[in-house]
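**Student:** My questions are about this predicted structure, shown below with the sequence.
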Amino acid sequence: MTAPLRATAALVTALLLVLTATVPAQAAATPATKAPVAGTLRAYNVSGVYVAGVSSGGYMATQLHVAYSSRIRGAAVFAAGPYYCAQNNVAQALDGCGDNVYPTNVSALQAYTRTWASYGWVDPVGNLSGDPVYVLHGTNDTVVQKSVTDDLVRYYRHFGANVQYDSGTPAGHAWVTPYGTLGCATTASPFLADCGTDPQSALLRKLLGSVRAPNTGPLGGSLIRFSQHTYAVNGWADGLSMAADGFAYVPASCAAGQSCRLLVALHGCLQGHGAVGTAFVDRANLNQYADTNQLIVLYPQARAAAANPNGCWDWWGYLGATNYPIKGGAQVETIMNMVRRLDG
């Protein structure tokens with residue numbers, strides 16, 4: 001790793017260590033959970049694919065959506081900014097796409113997208129027109145400024161996406177969930193905040209249309225723990241700053257062959273299995289809705305590495321490749337390999 005990259009990685013680490021200082025936990029609602037069982041991914045009767053993510057997972061969700069808009073029908077993004085915001089520059093990622101010290105030229109990002117679509121590096125931008133997009137930015141988020149998330153909304157609306165923007169929830173930098181272990185305004189590990197609301201109902205209604213009430217009793221599906229090496233473009237997930245194992249929640253109805261939709265759910269920095277265990281998988285409030293809405297939820301897992309000490313998804317080029325946000329990007333393709341397997 002170059003000296004500038006080491007220095008910037010150290011700054012990112014220092015920032016997040018401050019943000020993740022110990023905070024007293026509130027009495028959190030306890031969700032029904034499933035113990036992971038070792039298994040493999042297989043093909044299901046999938047009728048549509050969607051993505052959702054928080055923080056670095058939000059940036060990765062947008063990368064997947066833009067690169068594969070012919071296959072991915074919509075996105076939900078918490079606490080993140082526009083596609084290609086970092087522009088292969090970790091300093092821009094930290095100071096431009098977080099604190100907004102260097103305001104992002106959204107028109108330039110839109111131009112990059114159109115040019116790359118003309119090259120076939122991402123799918124035609126016309127696919128984004130009409131796609132449902134749900135965006136949430138907490139009013140107490142000091143990691144990603146609201147102006148940065150505003151840019152994400154502007155980016156999507158430019159291409160005709162149908163965006164629902166929640167910018168009034170008083171959350172910190174977190175995935176907001178009724179099963180959050182932290183107070184709403186708190187920014188700290190495991191980045192799961194309870195604001196007394198249910199954004200998963202809102203985001204799923206936006207992405208899927210009508211949504212049945214979640215299962216508040218014992219879960220009826222299976223949580224599969226599978227090897228990510230199988231899907232890694234290099235055959236070795238560790239080399240892509242991805243964990244050895246990922247997770248997939250499969251409701252019984254989907255396992256029985258009924259038509260189901262697929263949601264790729266992407267954790268944020270310091271929120272993967274290596275950092276917080278299955279907290280995001282268990283408490284994201286997605287498995288509960290999956291059970292009653294014939295929805296498979298795929299939970300890919302990033303991991304910490306020398307150039308990525310906080311286990312973030314690659315949204316600034318830390319793997320050393322400039323193609324990270326387009327088709328052929330190592331993590332993008334690895335996740336899409338999982339989607340292709342589940343989608344048959």
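**Tutor:** Structure received. Numbers count the residues shown, from 1 in each chain.
**Student:** show me where the stretch 51-200 of the chain has strands.
**Tutor:** Along the stretch 51-200 of the chain, the stretches classed as strands by DSSP state E, counting those that start in this stretch are 72-78, 132-136, 162-166, 175-176, 182-183, 192-194.
**Student:** Which of the ones you listed has the highest mean neighbour count?
**Tutor:** Most buried of the strands of the stretch 51-200 of the chain, by mean neighbour count (mean count of other CB atoms under 10 Å): strand 175-176, with a mean of 30. Where C-beta positions appear, they are placed from N, C-alpha and C, glycine not excepted.
**Student:** Point out the other elements, helices or strands, that that one touches.
**Tutor:** Of the remaining helices and strands, those touching strand 175-176 by 3 or more CB pairs under 8 Å, 6 or more residues apart in numbering; DSSP states H and E are strand 192-194.
**Student:** can you list contacts of the strand it packs on?
**Tutor:** The contact list for strand 192-194 (CB atoms under 8 Å, 6 or more residues apart in numbering) reads 26, 28-29, 138, 171-172, 174-186, 279-280, 283-284.
**Student:** Not counting sequence-adjacent ones, nearest residue to residue 287?
**Tutor:** Of all residues not flanking residue 287 in the chain, residue 249 sits nearest, at 4.7 Å (CB to CB, 6 or more residues apart in numbering).
**Student:** and the one you found, which of the three is it?
**Tutor:** strand (DSSP: H, G, I helix; E, B strand; the rest coil).
**Student:** so how far is residue 179 from it?
**Tutor:** 14 Å (CB to CB, to the nearest Å).
**Student:** Between those two, which is the more surrounded one?
**Tutor:** residue 249 (27 against 20; other CB atoms under 10 Å).
**Student:** give me every residue that touches that one.
**Tutor:** Counted by CB under 8 Å, 6+ apart, residue 249 has contacts 34, 221, 222, 223, 224, 281, 286, 287, 290, 296, 297, 299.
**Student:** now residue 146
**Tutor:** 137, 139, 167.
**Student:** Buried ones among those residues?
**Tutor:** Using 16 or more other CB atoms under 10 Å as the burial test, those include residue 137 as buried.
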